[in-house]
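Peer 1: got a structure for you, letters missing:
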């Protein structure tokens, strides 16, 4: 099977690694790809916005399946373009991807289906949101309606912070519409499930760490590390989350004539009143993919194809025993203005089948491997216990060197 993989992050490196294990795998093209994906196929420097050129590429190269990683192309309709050309694509259409690309739309769908979530108010202008917040006299979670690279949510502790967040997010392209949401309390968990438009196959649960600093301090990032699975989510609780928080949305999107095919990612908070939805994503998370994919066995490529054509067969994948801990190594200046071009040493010395190093912001420079983005590498440790997986990840992370390297040291430390 010839595969066209869309994206350039650590998630896409993890996809390439997993797809290449399939007995049906023949050839991989990555657009634009990165240093890691280049180990499994050919990187092609096409712009992701040129859907016509990408469709031409897929047809010319006899692509059997397109796998889309990032959120923006999904929201812009990249799957629609491939479907119109008769090329199967793993990922939702633009209409179905609105479950992520518009938080206001997601709230409307949740209200229509009775999915448990926080109450929210939607505002077309930042000034209106500010007036509402001032009149209420209390803090609100502030969310940009559109896609914001995982940085479109601020959780203030008081009213002044709420007003500052409204001004901050309201000035971004994603903040053309704002949501003020009731704050919920509890531990968070990420539940990802493969979907063929009707059926859901939940994958191992995960817990992301978004804040830059230890103890969940500092600004939000794209993700500083992840643990999988989450022990406090029992099989019974996972079934409850899928039944109450995910399947109703899939059913509603199908009823509306916009079936969801791809991976539905539910950000769940475990409140005293039960699990509730914080948000949905319409794709694999990054770095969640780097911890979840190593914990599944079976023909991942075949299952992606089955989802794309509406014929998911859950028995094709199995849960692997054990744990995965992914620690993200970041460049100097991340998440603001990351520095690029610093030489990276030590990756080639990692020789442990229980450690995986996924490339994200790297490139090959005049002196070899170097930094080329904010989140540089995702180091995933595997183990029969969480402690062993965590120890392997951190031992490897410490052996990798580049100027300005920083990372959280409390990923998986409960």
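Peer 2: Received it, and whenever you're ready, just let me know what you need. On a predicted model such as this, the values are computed, not experimentally measured, just so you know. Numbering: from 1, shown residues only.
Peer 1: relative to residue 320, how far out is the closest residue to residue 383 other than its chain neighbours?
Peer 2: Nearest non-adjacent residue to residue 383, counting by CB to CB, 6 or more residues apart in numbering: residue 389, 3.5 Å away. For the C-beta atoms, the positions are set from N, CA and C on the backbone; glycine is no exception. Residue 389 sits 12 Å away from residue 320, going by CB to CB, to the nearest Å.
Peer 1: just to revisit the earlier point, name the helix or strand for the residue nearest to residue 383, please.
Peer 2: helix 386-399 (DSSP states H and E).
Peer 1: buried stuff in that helix?
Peer 2: By neighbour count on 16 or more other CB atoms under 10 Å, the buried set for helix 386-399 is 386, 388-390, 392-394, 396-397.
Peer 1: hang on, residue 21 packs against residue 302?
Peer 2: No - counting by CB atoms under 8 Å, residue 21 sits too far from residue 302 to count as a contact (11.0 Å).
Peer 1: what do the two both touch?
Peer 2: The contact sets of residue 21 and residue 302 do not overlap (CB atoms under 8 Å, 6 or more residues apart in numbering).
Peer 1: okay, those two: which has more neighbours?
Peer 2: More crowded of residue 21 and residue 302, by other CB atoms under 10 Å: residue 302, with 18 against 13.
Peer 1: that's a strand at that one, yeah?
Peer 2: No - counting by DSSP: H, G, I helix; E, B strand; the rest coil, residue 302 falls outside a strand, being helix.
Peer 1: my guess is it meets residue 316, correct?
Peer 2: Yes - here residue 302 reaches residue 316: they are 6.1 Å apart, a contact under CB under 8 Å.
Peer 1: what are the ranges of the helices in the stretch 101-250 of the chain?
Peer 2: For the stretch 101-250 of the chain, the helices defined by DSSP state H, counting those that start in this stretch cover 103-113, 126-136, 159-170, 235-241, 247-255.
Peer 1: tell me which of these lies nearest to residue 271.
Peer 2: helix 235-241 (12.3 Å; CB to CB).
Peer 1: let me see the mean pLDDT of the closest one.
Peer 2: The pLDDT scores in helix 235-241 average 98.
Peer 1: what sits up against it?
Peer 2: 191, 202, 205, 233, 266, 268, 274-275.
Peer 1: in a markdown table: the residues you listed, plus neighbour count.
Peer 2: Output for the contacts of helix 235-241, formatted as a markdown table (neighbours: other CB atoms under 10 Å):
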| residue | neighbour count |
| --- | --- |
| 191 | 25 |
| 202 | 20 |
| 205 | 23 |
| 233 | 22 |
| 266 | 23 |
| 268 | 27 |
| 274 | 14 |
| 275 | 20 |
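Peer 1: now the two most distant members of those.
Peer 2: 202 and 274 (17.2 Å).
Peer 1: quick check: mean pLDDT of stretch 291-307?
Peer 2: On average, stretch 291-307 scores 98.
Peer 1: ok, now stretch 147-162?
Peer 2: For stretch 147-162, mean pLDDT rounds to 88.
Peer 1: ok, residues contacting it?
Peer 2: Outside stretch 147-162, the residues touching it (CB under 8 Å, 6+ apart) are 71-72, 75, 100-101, 103, 133-134, 137-144, 146, 164-165, 168-169, 172, 174-175, 180, 183, 210, 219-223, 279, 335.
Peer 1: need the contact list for the nearest residue to residue 409 once chain neighbours are set aside.
Peer 2: Leaving aside its sequence neighbours, residue 409 sits nearest to residue 214 (CB to CB, 6+ apart; 6.1 Å). When contacts are counted by CB under 8 Å, 6+ apart, residue 214 touches 408-410.
Peer 1: same question, residue 189
Peer 2: When contacts are counted by CB under 8 Å, 6+ apart, residue 189 touches 205-207, 230, 232-233, 268-270.
Peer 1: mind doing that once more with 7 Å?
Peer 2: 205, 207, 230, 233, 268, 270 (CB atoms under 7 Å, 6 or more residues apart in numbering).
Peer 1: let me have the residues you listed in JSON lines, extended by distance to residue 92.
Peer 2: Formatted as JSON lines, the contacts of residue 189 follow (distance: CB to CB, whole Å):
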{"residue": "205", "distance to residue 92": "21"}
{"residue": "207", "distance to residue 92": "24"}
{"residue": "230", "distance to residue 92": "25"}
{"residue": "233", "distance to residue 92": "24"}
{"residue": "268", "distance to residue 92": "19"}
{"residue": "270", "distance to residue 92": "26"}
